[in-house]
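Student: need a structure here:
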Amino acid sequence: TTINTNTTANITVTVVNSNNGGSFSASSQACVNPSLCSFLYSTAHTTSVSGVSPSSGSAGTLLRITGSGFGTFSPATLVEINGVPCTVNATGYTTSTLFCRLGQSPAGPATIFVTFPGLGTARSTVTFTSLLTVSSFTPTSSGFGGGQTVDLVGSGFGPGATGSQVFFCGRPCTVLSATYNNIRCITTPVPTLEAVTAFDSVYESVRLLGGSGSAFDGDYFTRTSSCPVQLDFGTQVNPIITRIAFFPQTTNIAAMSGGVFEVSLNGTAWFPLATIGTARGGWNTIDIQPRGSPVRFVRYRHVSNNCPVTELEYYGLPVPVVDSTAATSACRANVSVLAVAPHPSRGVVPNPVLRTTTTVDTSNTGGFGILGIVSAPTVTTTVVPTIAVSALSTQGMSFVTSLTPLVTSVSPRWGTSLGGTSVTLSGVNLPTVAAQTVVELNGFACSVTAVSSDGTWVQCTTGARTSLMTSALFVGALNADLTTSAAYSISASTVRFDYLDRWSDLTTWKNEELPIEGDTVIIPQDQRVLLDISPPRLFFLLVQGTLIFDRKDLSLDASYIYVAGGRMQVGTEAEPFLQKATITLHGDRFTSIELPRAGAKVLAVSNRNPVRVNGHVPTFEEIGQLDIHGVPRLRTWTKIAADAAAGSTTIVTAEDVDFAAGEKIVLTSTSSYAQTEELTVVALASDRRTITVTPALSFQHTSRVVDVAGRTVDMRCEVGLLS
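Tutor: Alright, predicted model coming up:
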């Protein structure tokens, strides 16, 4: 509270009983002699600071501070600017003027606080700015994978690892230490256009976030009312769009056919990206080949000015916008100094150093666990530091391919959790000095045993895995001092090493006993098992950790398989399972005991704790995952293009298929569920749409698209692959 006039304040003392929480109070108003029991706020004892000259400067600058009520000089007089003392001189000190030498004050605007012995603390009504300069940094080149230790020189930097931030090409350089004149940081991966071009196989498309309105709200029951539908990715990142996904309005699907997607760098000149052929119900995707250039804007439009789209998604490679105004073509260092905490004399006030932002992610809601509990939206509160001032260097950091270690393969791709597996990592630009090479597999050190002189391979021996960690693979190069980092490797997500214990190894199992028929098997949370044999028929298989099918023909038989917060993997989207995996669930619909809400002879998946605790949102590691990816197919579900009569052995699909002889398909009915037929493919004609089947059709299957009250309704029977 600020008091501007002479005021006598009453004093109230409250005593709280720590045993029972009771309290009692006494006020100075009840004092027998009030003059002895009051506190006087007096203008005669109030100091003020009203001016400073110069108004900005760096460490060592002599400041002249003016005001009133300074009293006589005292060595205890304290001037603070951004929390750092400004040394007061006795020379020239008066009741209205003092001189002080600026200390190493972090850069940024500052209120001046002057504490006078016996008089209290005065807060200036003017602002002084501590200056920020970025003079130079070394080295001036780094690999695209980051990992380069950079030393910056300048003035005004914030102290410690949290007082400043450094960015190159919009990506953080992680600050390790900082003083007023020096910052040491480590570069992080920078996926510039040059990197994406040079290492095409490494960088994978991600969903590009952004956009507002019904086309980006995740609600399939709302449709956009505007046309065209435009998205601005902003000034920091211009992505290369690689895929478009759109969901037409269910009652007006055909209206999206012929729609056009266009891109622009400035929002004025537009260029075609893709055109919709025939839209289908549900999600439609368009892959963009070959890859184009980075763009800032993308829009969907239709010549009819009607855009009946309920959802739009764009996927691509986020490319940071490079600062082209650097002294070279590289990225300048962008250094920011964070605001300092409030002065203690201000009491309890909002901290300008930190602010919070809250985001709500509803993408994981709506799923039922084994007990039918719906997941809550993910609510994330982030503490964001407040930037006081920023400055750019004149130098540029060059990110180059020759300094980027690239790991292209790992052999073997897995090893036992006991450690001791010899691993060879192959690639280019790998470290060539063993003592300067660091390797981590799944977050655990792999002891380097040998390296090649041409940087094409590194050999190491795994250590024991003591806990479940990320599947990340990392090769780092150290500088000659063996204490600072020089480069981090990059690699595609398919290049990985897994700590896996073979199902067939005795050491995988408690008491070194392999499971036998009728056993209940539990794979605990911190264990990863490779199913390398077809085990005997099990009663119950509980997967809380990870179970991965080896790349061979396998069978798995059980009465119950329950993936509870773990992961069961039969191939991945990036590396499909090309062999034959047969999972057979055993039981009787009348006599077998049912799991709650799951049933008998069941393969069930739930989060680790299927009962949601109020306020708890499961992390990614707690979410049950079932990955089954077989041989890639052209499509597994389509519709028939013409009526198929009873007795016929031929059906014609509306789209190309790659169904093979001997595979099972299902043909639906528009009349009755009982007329759905299971058929075997005999042959597929060269047009890839005419299928010969056996046995002959028992029922009529129609292909009709009708108009009802001005709306198009697709009534065509559907064909699905069962094999």
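Student: what are the ranges of the strands in the stretch 601-723 of the chain?
Tutor: 602-606, 625-628, 637-639, 650-652, 664-667, 677-684, 690-694, 705-708, 711-714, 718-721 (DSSP state E, counting those that start in this stretch).
Student: where does the stretch 601-723 of the chain dip in pLDDT?
Tutor: Low-confidence segments of the stretch 601-723 of the chain (pLDDT under 70): 610-621.
Student: same thing but 90
Tutor: 601, 606-624, 631-632, 634, 670-673, 704-715, 723 (pLDDT under 90).
Student: would you turn the strands of the stretch 601-723 of the chain into TSV with mean neighbour count and distance to residue 658?
Tutor: For every residue, glycine as well, the C-beta is placed using N, CA and C. Shown next, in TSV, are these (neighbours: other Cβ atoms under 10 Å; distance: least, Cβ to Cβ, whole Å):
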stretch	mean neighbour count	distance to residue 658
strand 602-606	20	27
strand 625-628	15	19
strand 637-639	17	11
strand 650-652	18	15
strand 664-667	18	12
strand 677-684	16	7
strand 690-694	18	11
strand 705-708	9	25
strand 711-714	13	23
strand 718-721	19	9
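Student: Could you dump those into a markdown table with distance to residue 579 added?
Tutor: Listed next are those as a markdown table, based on distance: least, Cβ to Cβ, whole Å:
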| stretch | distance to residue 579 |
| --- | --- |
| strand 602-606 | 19 |
| strand 625-628 | 13 |
| strand 637-639 | 23 |
| strand 650-652 | 30 |
| strand 664-667 | 19 |
| strand 677-684 | 21 |
| strand 690-694 | 26 |
| strand 705-708 | 40 |
| strand 711-714 | 37 |
| strand 718-721 | 18 |
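Student: who touches residue 473 in this structure?
Tutor: Contacts for residue 473 were tallied using Cβ atoms under 8 Å, 6 or more residues apart in numbering; they are 407, 410, 425, 440-442, 489, 491, 495-497.
Student: Compare those residues and tell me which is most surrounded.
Tutor: Taking other Cβ atoms under 10 Å as the neighbour criterion, residue 425 ranks highest of the contacts of residue 473 with 28 neighbours.
Student: Name the residues that touch stretch 270-281?
Tutor: By Cβ under 8 Å, 6+ apart, stretch 270-281 touches 241, 244, 246, 248, 250, 253-264, 284, 286, 288, 292, 297-299, 714.
Student: what residues are up against residue 57?
Tutor: Here residue 57 is in contact with 63, 102, 128, 130-131 (criterion: Cβ under 8 Å, 6+ apart).
Student: Please report how far it lies from residue 672.
Tutor: Computed as Cβ to Cβ, to the nearest Å, the residue 57 to residue 672 distance reads 88 Å.
Student: quick one: what helix or strand has the closest residue in space to residue 220 that isn't next to it in sequence in it?
Tutor: Spatial nearest neighbour of residue 220, excluding adjacent residues (Cβ to Cβ, 6 or more residues apart in numbering): residue 310 at 5.2 Å. In the assignment (DSSP states H and E), residue 310 maps to strand 309-317.
Student: for the contacts of residue 473, which one is nearest residue 699?
Tutor: The shortest gap between residue 699 and any of those belongs to residue 496, at 49.6 Å (Cβ to Cβ).
Student: Now for the chain, the helix or strand with the poorest mean pLDDT.
Tutor: strand 354-361 (a mean of 46; mean pLDDT, DSSP states H and E).
Student: what's the pLDDT at residue 49?
Tutor: What the model reports for residue 49 is a pLDDT of 93.
Student: where's it relative to residue 683, distance?
Tutor: Distance from residue 49 to residue 683, by Cβ to Cβ: 93 Å.
Student: At which residues are the helices of the stretch 251-400 of the chain located?
Tutor: Along the stretch 251-400 of the chain, no segments are classed as helices by DSSP state H, counting those that start in this stretch.
Student: what about the strands in it?
Tutor: 260-264, 271-275, 284-287, 297-301, 309-317, 331-338, 354-361, 378-385, 387-400.
Student: tilt between the last one and strand 331-338?
Tutor: Between the axis of strand 387-400 and that of strand 331-338 there is an angle of 160 degrees, by axes from the mean of the first three to the mean of the last three Cα atoms, to 10 degrees.
Student: got a list of contacts for the helix or strand following strand 387-400?
Tutor: Tracing the chain past strand 387-400, the next element assigned as helix or strand by DSSP H and E is strand 406-411. With contacts defined as Cβ under 8 Å, 6+ apart, strand 406-411 is touched by 199, 202, 423-430, 473, 475, 489-491, 495-497.
Student: mind running it again at 10 Å?
Tutor: Defining contact as Cβ atoms under 10 Å, 6 or more residues apart in numbering, one finds that strand 406-411 is touched by 143-145, 198-199, 201-202, 422-430, 439, 441, 455-458, 473-475, 489-492, 494-498.
Student: Could you identify the buried members of these?
Tutor: Buried positions within these, assessed by neighbour count (16 or more other Cβ atoms under 10 Å), are 143-145, 199, 202, 423, 425-427, 429-430, 439, 441, 455, 457-458, 473-475, 489-492, 495-498.
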